[in-house]
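Asks: coords please:
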Amino acid sequence: MRKGSARIDRRSALAAGAAAAAMLAAPGVLRAAPREMLINNWLPQQHLVPDLVLTEWSQMIERRTEGRVTFRFSETPMGPPPAAYGIIAENKADVTFALHGYSGDDAFKRSQVGQFSFLGDSYSATQAFSSVYWDLLDPQAEHQEIKLLSAFQHGPGFLFLKNRSIRGPEDFRGLRLRTSGGYISRLLQELGAETVPMPPFKAREAMEAGAIDGVAFPYEGGLSFGIVDQTTEVSELPGGYYNATWFLGMSPKAWDDLGRRDRRVVQQVSREFVPLLAAKSFDFVDHKGRTLFEERGVALTRAPDEVEQLIRTRGGAYEQSWIQEVAAQGYRGEWALKRMRQMTGVDRG
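Replies: Numbering: from 1, shown residues only. Predicted structure coming up:
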C-alpha cells in the first residue's frame, strides 16, 4: 500500500467515526422519541390502584426502557367504568383497567375463577388468581380486542350495611345492595336481594340518601370510598362472600407502536409485578380499613353458620355451573378452581 493511500484511509476512518458520533449525539436520529401512553383513569388518583399499583408499574417500565415508554393519567375519566374495555379496544386511550364484572355476567367467563366465595385473603388470592388464570385458562383469548397486560384481584368482599343485619337467610330478602356485577350480583339476587350497579364512588351518596341499604366491598373499598360513617355493621365470611377480578390492558395501536425490546419489558413487568403490587397494596389497605371500622365502633360480625352454609350451597351450585360452561370452551375449570384454593390454603368446606 502506498503511503498516501494509508493517510487517505486513516482520514476516512476518522471521518466515519466522527459522523457516527454525531449521529449518536443528534437527538431523534438513532434514539426514538419517547412513546407517552395515556392511562384512562376512572378512579380518584389517591385510590390505591392508580396511586400505588399503576404509578409504581409505570415508573418501573419507564426506568427499564430508559425513558422510551412513559405514562400519564387522564385528568378525568374518559367514560364510566363499564366503558373502560371499549375505550382501549377502540384506541381512544392507550391503557386502562377495570373490574371484569362491569362487563356483564357472560363476559370474561373464565375470569370468574377468581370471583367466587371463600377464596382467601387479598395477598394470597390475587397471586393465585393471576397464576391460575394465565397458566390454565388462556386469558388473552378472553380479551381478544386488546393486549392483556395483567390480571389481579382486590381483597375478600364483605357486606357493609346501614341499619340492617344478616342474622339468617331471610335477611337477604329485599336488601338493596350496590354490587360490582358478575358472580356476587347473581348470588345475592338468588338470595332475594336487590342489586344496584353503580360506580364505587357513588356508594356513599346512595347510602346517605337511603337509596341502598349497603354495599358489597372489600375493607379497602369501605375506606377508599368514605362509607365508614354510613356503616353500622359489616357481615364477614372467611375468605369473603366474593372477590372481584380486574384486568390491566393496552390498546392494539399502543402495543403495535412499541418496539420488540420494549414489548418484552412491558409484558414482564406487567405479568410479574402487578399481581404482587396489587396483593401487597390491597392487603395493607384492607387491614387499615378494617382497623378504622373497628375503631369507629362499627359492628364487625361473622355471618352465622346457617348463612355460611347457605352461601356454600348456593355458591357451590354456581361453581359447578361455571365448571360445565368453561369445559364447553375446552378448559379444566374444576382443576383451575381446586388449584386456586390449594394456593390460598382455604378449604372449600
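Asks: show me the domain layout of the protein.
Replies: Domains of the chain are assigned by automatic domain parsing as 35-154+244-285, 158-242+297-344.
Asks: now those domains in TSV, with mean pLDDT?
Replies: Shown next, in TSV, are these (pLDDT from 0 to 100):
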stretch	mean pLDDT
domain 35-154+244-285	95
domain 158-242+297-344	95
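Asks: among those, which is nearest Thr291?
Replies: Nearest to Thr291 among the domains of the chain is domain 158-242+297-344; the distance by C-beta to C-beta comes to 8.8 Å. Every C-beta, even on glycine, is put in place using the N, C-alpha and C of the backbone.
Asks: one step back: can you put the domains of the chain in CSV and add mean neighbour count and distance to Thr291?
Replies: Supplementary listing: the domains of the chain in CSV, determined by neighbours: other C-beta atoms under 10 Å; distance: least, C-beta to C-beta, whole Å:
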stretch, mean neighbour count, distance to Thr291
domain 35-154+244-285, 20, 10
domain 158-242+297-344, 18, 9
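Asks: is the residue nearest the centre of the chain in a bridge, and if so with what?
Replies: In the chain, the C-alpha closest to the average C-alpha coordinate belongs to Trp246, at a distance of 2.7 Å (C-alpha atoms, centre = their mean). Counting by DSSP bridges, Trp246 is bridged to Leu99, Phe152.
Asks: just confirm it contacts Tyr102, I think it does.
Replies: No - Trp246 lies out of contact with Tyr102 (C-beta atoms under 8 Å); the separation is 9.7 Å.
Asks: what do these two both touch?
Replies: Shared contacts of Trp246 and Tyr102, defined by C-beta atoms under 8 Å, 6 or more residues apart in numbering, are absent.
Asks: list the contacts for the residue nearest to the centre of the chain?
Replies: Contact analysis of Trp246 by C-beta under 8 Å, 6+ apart lists Val49, Phe97, Ala98, Leu99, His100, Ala151, Phe152, Gln153, His154, Ala278.
Asks: which among those gets closest to Gly221?
Replies: Among the contacts of Trp246, and counting by C-beta to C-beta, the member closest to Gly221 is His154, at 7.2 Å.
Asks: hmm, Ala244 and that closest one touching each other?
Replies: Yes - using C-beta under 8 Å, His154 is in contact with Ala244, at 5.5 Å.
Asks: quick one: the helices in the stretch 201-349 of the chain?
Replies: For the stretch 201-349 of the chain, applying DSSP state H, counting those that start in this stretch gives helices covering 203-209, 219-224, 252-257, 260-295, 305-328, 333-344.
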